[in-house]
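# sequence first, predicted model second:
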Amino acid sequence: MNSVFDKMEFCVEHSSSQDERSLDKIISCLCDQNWRVRYAAAIALGDRRDPKSVDALLKALKKENQEPLFSQPALEGGAHAGSNIPFTVIFPEGTTEHTKEAWRRRGRLIQAVCLALGGIGATSPAVLEMLHRYATDQKCDYGVRAAACKALGQLASPESLPILQKAVGDEEWCTSCEAKKALKKISE
């Protein structure tokens, strides 16, 4: 299991097994240098729904919070979402490869971890604190905010009601919609 692809494939292949050995390997992939491997690991851990992975997922979030995730370079041209019109990303002179990779992942890893935590159903104070932050932080990508709201709905903790009520007012439709669905789920 040396290449990025091999590690990602391992995560996918073992996302439904329940043995400890593969769980440990997937958790170790959550610390890989390549964000795509970490992303595959987060998705696999969410599919496994094993509470033993919660601490590792929280550590991954803390590490990801230290990265320059949401710097958005200027885009040349314009097109609606889902369009096939090509565009060129223009990075400022001197932009490092590290920053370019941070732009490429733009919150995808955090989104995957939020959804994994919601799927696992772990409502620890640390999990709720992270999800509450992401649900309303306007510096976060809208996909992260929406995923956090969805996860809060899955956890259905009454502590999340004020956060979700605030998120309903998000100007981005997906986030607002997920917050409404979460509120409905909690109040059932």
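Everything's here; your move.

# domain map for the protein?
Using automatic domain parsing, the domain ranges for the chain come out as 1-70+89-104, 123-188.

# and M130, how far from G143?
Going from M130 to G143 by CB to CB, to the nearest Å gives 16 Å. C-beta coordinates here come from the backbone N, C-alpha and C atoms, glycine included.

# count of residues packed around E67?
15 (other CB atoms under 10 Å).

# does it count as helix, strand or coil?
For E67, the assignment made with DSSP: H, G, I helix; E, B strand; the rest coil gives coil.

# wait, it touches R104, no?
No: judged on CB atoms under 8 Å, E67 makes no contact with R104 at a distance of 11.7 Å.

# for the protein, name the helix or strand with the lowest mean pLDDT.
strand 74-76 (a mean of 51; mean pLDDT, DSSP states H and E).

# show me the contacts for the nearest residue to L152 once chain neighbours are set aside.
Distances taken as CB to CB, 6 or more residues apart in numbering put S160 closest to L152, at 4.4 Å, once the chain neighbours are dropped. Residues in contact with S160 (CB atoms under 8 Å, 6 or more residues apart in numbering) are 128, 131-132, 135, 152, 182, 186.

# distance of the residue lying closest to L155 once chain neighbours are set aside from Y142?
With sequence-adjacent residues excluded and distances taken as CB to CB, 6+ apart, L155 is closest to T123, at 4.9 Å. Plainly put, T123 is 24 Å away from Y142 if you go by CB to CB.

# shaky segments in this protein?
1, 68-87 (pLDDT under 70).

# would you map the helices across it?
Secondary structure of the chain (DSSP state H): helices at 4-13, 20-29, 35-48, 54-65, 97-105, 108-120, 125-136, 142-155, 161-168, 173-187.

# including distance to V89 and mean neighbour count, could those go into TSV?
Output for those, formatted as TSV (distance: least, CB to CB, whole Å; neighbours: other CB atoms under 10 Å):
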stretch	distance to V89	mean neighbour count
helix 4-13	22	16
helix 20-29	28	17
helix 35-48	17	23
helix 54-65	21	17
helix 97-105	8	14
helix 108-120	16	25
helix 125-136	25	19
helix 142-155	18	26
helix 161-168	29	17
helix 173-187	23	18
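
# Serialize those to CSV and add fields for distance to T88.
As requested, the helices of the chain are arranged in CSV below (distance: least, CB to CB, whole Å):
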stretch, distance to T88
helix 4-13, 26
helix 20-29, 33
helix 35-48, 22
helix 54-65, 27
helix 97-105, 13
helix 108-120, 21
helix 125-136, 30
helix 142-155, 22
helix 161-168, 34
helix 173-187, 26
